[in-house]
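Student: requesting a structural model of the entry that follows:
(chains A and B)
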Amino acid sequence: MSEPILHVEGVEKVFGSLKALGPVTVSLQPGERLGVIGPNGSGKTTLINCLTGTLTPTSGEVWFLGRKVTNLAPHQRARMGLARSFQIPKPFTGMTVLENLLVPLDHLHDVADPHGRAMEVLASVGLAGRAQHEAGGLTQLELRKLELARALVGRPKVLIADEAMAGLSDREIDDVLTILERLNESGVAVIMIEHIMHAVMRFSHRIICLETGKLIADGLPETVANDPLVQKVYFGEQARH
Amino acid sequence: MTPDTSLMPAVAPASRARSRATGLRNIAFALGAIAVMAGGYALTQTVENPYVFFAAYIIIQYVALSTGWNVLGGYAGYINFGATAFYGAGAYTGAVLLKAFDASVFLCLPAAAAVGAVLGLLMGYMTLRVQGVYFAIATIALVVMAHTLVLNLEYLGGASGMALMAPEAPSWSGGQIQFMFLVMLGVAILSVVVARWIEISWVGRGFRALRASEDAAECAGVPTFKLKLSACAISGAILAMTGAPLVFYASFIEPETVFGLALALNAIAMPLIGGKKSWPGPIIGAILLGSVQQAATITISSELNILLVGVVLIGFVAVAPDGILGLLDRKGARK
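Tutor: Model prediction:
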């Protein structure tokens, strides 16, 4: 097994008297597609926030590209190549779609032609025609694509897609999945947090399942999906809805 | 070979055309700024009535004030109710330098800017974790602190203020008030130059990004804390520099005026009325509101000014939240 690109070692996050996460130990291999599932409130977003640096873990360590990043600010990790999209799209309103992509490029040093790069990424997600539009005026699908495009434009090594498909139709889900698959084929490791099971199952090489902050399963998609404990806490809950 | 290099030939002409257009706009802007300064000088040589310059000084001071406020409040989205804390700090910096060293106004300007920048950094640092309305409240506290400090410092004249004589104006300017008018015009132009540079550069893009979503900006690699501090420092420097010539203009300084509500309210109202998104907005707002207030002061009463600002402000917040420029934009989009 090669050196993991992203590694979380015994990470715990406590809010007051509530333990939201951990201890969790999990690794991501270069180029891997990792699905993260678990019921609402199981600690998925807390885990993501500890990875990106939005939250500092109460204890434990986060390693990225062989470097300990536990105490690095989110923007420093982002510049190293750790990108994320948000569950609720957070476009930079008050500027155009193109400018949204220039923001991350402004803070990277090795970009020869930012405009060209931004347009290239917009074209790859199908937003080239919207380049000069106000970011606030996009449709839900376009916002999701913008969210991904902005995460991709800086050529990240890891992309964390936080419920990038929530609320989309089946055809739109296919659209987003295709973007993520293409991206992964170019060598980017992807962590997909998702409630839409058929999408996670189709996309992931490996799936982990969280429940009340603990890792309860880690393995091949079929193995995890058939795990009795996972079925009880997750599918059982979904079936009741 | 990366895909970028293969795209280069197709992209290069487009980017060259873009940079040529930017270059032309920069030249036009520079010529405009020089023309305004030259026009101001021409006025001092032709217009006899000194009241014109007294009134124009105030209006141009509003342009600088509103432009300085807009760097933090408009571009970065941090509403600062404490503009007068910076303005006052600058005004008292000028007064102290004049009193102690008989300093020239040209020394007071950079000194006040430095004081304002440091004060801005302190404010930014202390309020770094609070956003929205909490930030606004913290900035009000800053005014109260500065006001209280000045009231209790005997050297600064306390509550009764102090009268100081400015050194004689250079003979080419045509007189003290004409000279101060030109100084303020220079300050205003400098502020607009700085604001415009921010707006069209990566700095402004970073400010807009953090105004839209600080989380998303940070996760996109934007050092949001550093940018916020820069916005506070630049805005603070401009606001303080605007205050620096006050004592040279009025020969008198007192805490009630420089830390007063009227000024703080105006600093917020003018960019709101003109439009916060781009540099012409605060200028338009300042000239409109400043002129109306000057007219009202002569014809009605100076006490009615604040009422006037309040009413106009409520009207704009309700009807045109993006100011006059926002209204024009909407009209243009509908066509």
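Student: check residue 159 and give its pLDDT.
Tutor: By default, I'm working from chain A. We have a pLDDT of 96 for residue A:159.
Student: other chain: chain B
Tutor: For residue B:159, pLDDT reads 90.
Student: just checking, it touches residue B:253?
Tutor: No. With contact defined as Cβ atoms under 8 Å, residue B:159 does not reach residue B:253; the gap is 11.9 Å. The C-beta positions use only the backbone N, C-alpha and C, and glycine is treated the same way.
Student: settle it for me: which of the two has more neighbours?
Tutor: residue B:253 (26 against 11; other Cβ atoms under 10 Å in any protein chain shown).
Student: any idea how far the more buried one is from chain A?
Tutor: Distance, residue B:253 to chain A, by Cβ to the nearest Cβ, to the nearest Å: 38 Å.
Student: and that residue, what does it touch?
Tutor: Going by Cβ atoms under 8 Å, 6 or more residues apart in numbering or on different chains, residue B:253 touches B:91-92, B:95, B:157, B:161-162, B:164, B:246-247.
Student: so where's the stretch 101-250 of chain B shaky on pLDDT?
Tutor: Low-confidence segments of the stretch 101-250 of chain B (pLDDT under 70): B:128.
Student: could you pull out the strands for the chain?
Tutor: I went with chain A, as the question did not name one. When secondary structure is read from DSSP state E, chain A shows strands at A:6-15, A:18-28, A:33-37, A:59-64, A:67-68, A:82-85, A:158-162, A:189-193, A:206-211, A:214-219.
Student: my question was about chain B
Tutor: For chain B, the strands defined by DSSP E occupy B:162-163, B:252-253.
Student: nearest approach to residue B:224 belongs to which of these?
Tutor: Residue B:224 lies closest to strand B:252-253 among the strands of chain B, at 37.1 Å (Cβ to Cβ).
Student: just checking: what are the partner strands of that closest one?
Tutor: Strand pairing for strand B:252-253, using DSSP bridges, gives strand B:162-163 (antiparallel).
Student: quick one on the thing from earlier: and the strands of chain A: which comes nearest chain B?
Tutor: Shortest distance between chain B and these, using Cβ to the nearest Cβ, is found for strand A:82-85: 5.3 Å.
Student: so which of the strands of chain B comes closest to residue A:95?
Tutor: strand B:252-253 (41.4 Å).
Student: ranking the strands of chain B by burial, who's on top?
Tutor: Neighbour counts (mean count of other Cβ atoms under 10 Å in any protein chain shown) averaged over each of the strands of chain B peak at strand B:252-253, with a mean of 20.
Student: what does chain A put close to chain B?
Tutor: Counting by Cβ under 8 Å from any Cβ of the partner chain, the residues of chain A close to chain B are A:52, A:54, A:73-75, A:78-79, A:83-84, A:86, A:90-95, A:99, A:102-104, A:106-108, A:112-113, A:115-117, A:119-120, A:150-151, A:154.
Student: which entries within those residues meet the buried criterion?
Tutor: A:52, A:54, A:73-75, A:78-79, A:83-84, A:86, A:90-95, A:99, A:102-104, A:106-108, A:113, A:115-117, A:119-120, A:150-151, A:154 (16 or more other Cβ atoms under 10 Å in any protein chain shown).
Student: what bridges to residue A:96?
Tutor: Beta bridges link residue A:96 to residue A:134, judged by DSSP bridges.
Student: ok, back up a step: deepest of the strands of chain A, which one?
Tutor: strand A:82-85 (a mean of 26).
Student: run the chain-centre distance for it.
Tutor: In terms of Cα atoms, centre = their mean, to the nearest Å, the centre of strand A:82-85 is set 6 Å apart from its chain centre.
Student: contacts for that strand, please.
Tutor: For strand A:82-85, using Cβ under 8 Å, 6+ apart, the contacting residues are A:6, A:48, A:51-52, A:64, A:144, A:147-148, A:150-152, A:154, A:156-162, A:164, B:219-220.
Student: apply 7 Å and report the result again.
Tutor: Strand A:82-85 is contacted from outside by A:48, A:52, A:64, A:147-148, A:151-152, A:154, A:156, A:158-162, A:164, B:219, using Cβ atoms under 7 Å, 6 or more residues apart in numbering or on different chains.
Student: ok, residue B:321 to chain A distance?
Tutor: 13 Å.
Student: kindly report the same for residue B:242.
Tutor: As judged by Cβ to the nearest Cβ, residue B:242 and chain A stand 26 Å apart.
Student: now for that residue: which residues touch it?
Tutor: With contacts defined as Cβ under 7 Å, 6+ apart, residue B:242 is in contact with B:61, B:64-65, B:68, B:87, B:90, B:187.
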